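Peer 1: Quick one, structure for this:
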Amino acid sequence: MKGIILSLARRRKSIRRYKNKAFSVEKILYAIRAAIEAPSGANQQPWRFIIVDDPQIKIRIREICEKGEKEFYAKVSGELKEWLIKRGFTWKKPFLTEAPYLIVVLTNMTKLYAVESTWLSIGYLLLALEEEGLASLTYTPPNPKDVMTLLGVPSNFELQAIIPVGLPAEDKQKESRKGLHEVVYHNVWGSKMNIASTTSP
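Peer 2: Numbers count the residues shown, from 1 in each chain. Below you'll find the model as predicted:
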C-alpha cells in the first residue's frame, strides 16, 4: 500500500481541456468527502463547496470570469506576461463550460485560519479526484465577488477556487518538479540533508 499518495501526486496535473462526457456526481461527492477530512484551525471547517452542472449557470460563470480576465490581461506585464504568452494562455476560459462539473470552493472568513484550512482541503480534493480518474484545475478568477453574487454566496465568505472536473481532452505532460535536495534543509536554513540513501516507493 505504501506509495499510493505519492503515485497520485506525481500523476496529477492541471488540465484545461475537457471531454464533453458525463459521469456520476458520486465521484465528485467522494472527492469532497475526502476534502472535508482535512485539518482546520480549531476544527472550524470553514470550507463550503458548490457543485455546478447547470449549463446556463456555467455559461454565466464563464462570461463573468472572462470579463475580469480581459481587464487583467490588458494590465499584466513583465515576467508574468511572458510566462502567460509562453504557455499560450489568454483571457478565454473555455474549461468553465466544457467541463461537466465545476466545484466552487468557498471559505467562511469569520473562522480561524480560514484560507489556510480551505487550501488544505483543496489539496485533499485534488488527489481524491485523481484517484477517481478525473482531471482538474485550480482556477481563481480576478473578479471572484462577481461570481459569488451570481451564486448567492453570503458576504462573510470568499471564493478561493473554481475547479473544473472531467475527463481530459488533452495529453499533457506534467511540469517538472524540483528534487528533494533542492527544497529540503536539515535543522537550519541552507544546511543540506544527506538524502542519497533514501529510496522512493
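Peer 1: Show me what secondary structure element comes after the lengthiest strand in the chain.
Peer 2: The longest strand of the chain (DSSP state E) is strand 157-166. Remark: after strand 157-166, the chain's next helix or strand is helix 180-183, criterion DSSP states H and E.
Peer 1: picking that back up, report the mean confidence score over the longest strand of the chain.
Peer 2: Mean per-residue pLDDT for strand 157-166: 98.
Peer 1: What is that strand packed up against?
Peer 2: Here strand 157-166 touches helix 95-98, strand 101-108, helix 114-131, strand 135-136, helix 144-151, going by 3 or more Cβ pairs under 8 Å, 6 or more residues apart in numbering; DSSP states H and E. C-beta coordinates here come from the backbone N, C-alpha and C atoms, glycine included.
Peer 1: Could you check the angle that strand makes with helix 144-151?
Peer 2: Strand 157-166 runs at 80 degrees relative to helix 144-151, counting by axes from the mean of the first three to the mean of the last three Cα atoms, to 10 degrees.
Peer 1: now Tyr124: how far from Trp83?
Peer 2: Distance, Tyr124 to Trp83, using Cβ to Cβ, to the nearest Å: 28 Å.
Peer 1: Arg17 - how many residues pack around it?
Peer 2: Residues lying near Arg17 (other Cβ atoms under 10 Å) number 17.
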